[in-house]
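>>> Build the 3D model from these lines:
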Amino acid sequence: MYMPPEQLNPRKDATVLPTTDIFSFGVMMYQLITGDLPFGRLDSERDLIQYLRKGKNGDWDRYLLLDTAEGGDWCKLIEGCLIPDFQNRLQDADEVLALVPQMQRVRPRIVEEQRDFQTRIINGVLLRIMQGEDYGKVYKLDDMLRGESAILSMGRKDDGVYNDIAIVEENSSYISRKHCTLELDYDIGSWVIRDGQWDRYDTGGWRKSTNGTYVNSKEVSINGLPFSPGDIISIGDTKLRVEAY
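Residues are numbered from 1 along each chain as shown. As a prediction, this is how the structure comes out:
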């Protein structure tokens, strides 16, 4: 009852994104406020088919929410969470927090403080695995740089290929052996992540990952995307949180 439509019949190469949890959060908030589920009651297995159909069509009971005390304040947030198409759904925690009624009063100050903090972050960035077979493992990016190089490679741990960050994935194969590249860009004062790696020996060019690289649900291209503390990087079923240290 908390699973988003795209997870009902997932592709074999599907990447689990933050939007999956955002849909579940919307269902949970609706249930906490109204006492009911957004797509109808689930008293029997027969109800499940109709419930799933309504979820796929975005047909949830807005009137019950609006008739509940303070439900109107949460309607826009819940509506954004329950959009069936994950690409049009709220994409990350920042977008969700921006719509929390209590947060709207303090949000501008928090955003400004975050910007001031992030502009001072050039070194001292780490990646912490928050979901995956290597849960809890930490990679201090700046400590891993070698010589004058400002580039790190990341991919699935495999005896046949070298990666600075080798992610353990024994129960599936969603992460490519040469999945993505991390680069410290001194001009903008931030780390940048690019999908794929340069492969001089195999293809003689840039080799993209099979299933894509994402930062806060936004797909990353070979041109790269800056990331900073608080962001979530997703590769396959593994999620890494960016932190400062």
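>>> Only C-alpha atoms from now on, for both contacts and neighbour counts.
OK.
>>> could I get the helix or strand containing Gly155 in CSV with only the CA atoms?
Secondary structure assignment for Gly155, by DSSP states H and E: strand 151-156. Provided in CSV are the C-alpha atoms of strand 151-156 (Å, rounded to 0.1, in the frame of the first residue of the first chain):
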residue,chain,number,x,y,z
ILE,A,151,39.7,12.5,-10.5
LEU,A,152,38.3,9.4,-8.8
SER,A,153,36.6,6.4,-10.5
MET,A,154,33.6,4.6,-9.0
GLY,A,155,32.0,1.3,-10.1
ARG,A,156,31.1,-2.2,-9.1
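>>> end to end, how far does stretch 134-149 reach?
Using C-alpha to C-alpha, to the nearest Å, the span of stretch 134-149 from its first residue to its last is 26 Å.
>>> Point out where this protein drops to low pLDDT.
9-15, 103-123, 200-204 (pLDDT under 70).
>>> quick one, domains of it?
Per the record, the chain has its domains at 5-105, 123-244, by automatic domain parsing.
>>> mind listing what Leu240 touches?
Taking C-alpha atoms under 8 Å, 6 or more residues apart in numbering as the contact definition, Leu240 lies against 127-131, 232-234.
>>> try it again with 10 Å
Counting by C-alpha atoms under 10 Å, 6 or more residues apart in numbering, Leu240 makes contact with 126-132, 135-139, 215, 231-234.
>>> just Arg177 next, same as before
By C-alpha under 10 Å, 6+ apart, the neighbours of Arg177 are 154-163, 166-167, 196-197, 209-210.
>>> From those residues, list just the buried residues.
154-158, 163, 166-167, 196-197, 209-210 (16 or more other C-alpha atoms under 10 Å).
>>> and which of these is nearest to Tyr63?
Ranked by distance to Tyr63 (C-alpha to C-alpha), those are led by Thr210 at 42.9 Å.
>>> How many residues are close by the closest residue to the closest one other than its chain neighbours?
Of all residues not flanking Thr210 in the chain, Ser176 sits nearest, at 6.1 Å (C-alpha to C-alpha, 6 or more residues apart in numbering). Ser176 has 22 neighbouring residues, counting by other C-alpha atoms under 10 Å.
>>> Report whether Ser176 is found in a helix, as I expect.
No - counting by DSSP: H, G, I helix; E, B strand; the rest coil, Ser176 is not part of a helix but coil.
>>> For Ala93, see how far away it is.
Distance of Ser176 to Ala93, computed by C-alpha to C-alpha: 26 Å.
>>> Which strands border the host helix or strand of Arg194, and is each parallel or antiparallel?
Per DSSP H and E: Arg194 is located in strand 190-195. Partner strands for strand 190-195, per DSSP bridges, with pairing direction: strand 180-185 (antiparallel), strand 225-227 (antiparallel).
>>> Report the next helix or strand after it in sequence order.
Per DSSP H and E, the first helix or strand lying C-terminal to strand 190-195 is strand 197-199.
>>> Next, the buried residues of the helix or strand following that following strand.
Moving toward the C-terminus from strand 197-199, the next helix or strand (DSSP H and E) is strand 205-207. Neighbour counts using 16+ other C-alpha under 10 Å place Arg207 of strand 205-207 among the buried residues.
>>> counting contacts, what elements does strand 205-207 pack onto?
For strand 205-207, the packing partners by 3 or more C-alpha pairs under 10 Å, 6 or more residues apart in numbering; DSSP states H and E come out as strand 197-199.
>>> what's in contact with the strand it packs on?
Contacts to strand 197-199, defined as C-alpha under 10 Å, 6+ apart, come from residues 152-155, 177-182, 204-209, 222.
>>> roughly how far is that strand from the heart of the chain?
Relative to its chain's centre, strand 197-199 lies at 24 Å (C-alpha atoms, centre = their mean, to the nearest Å).
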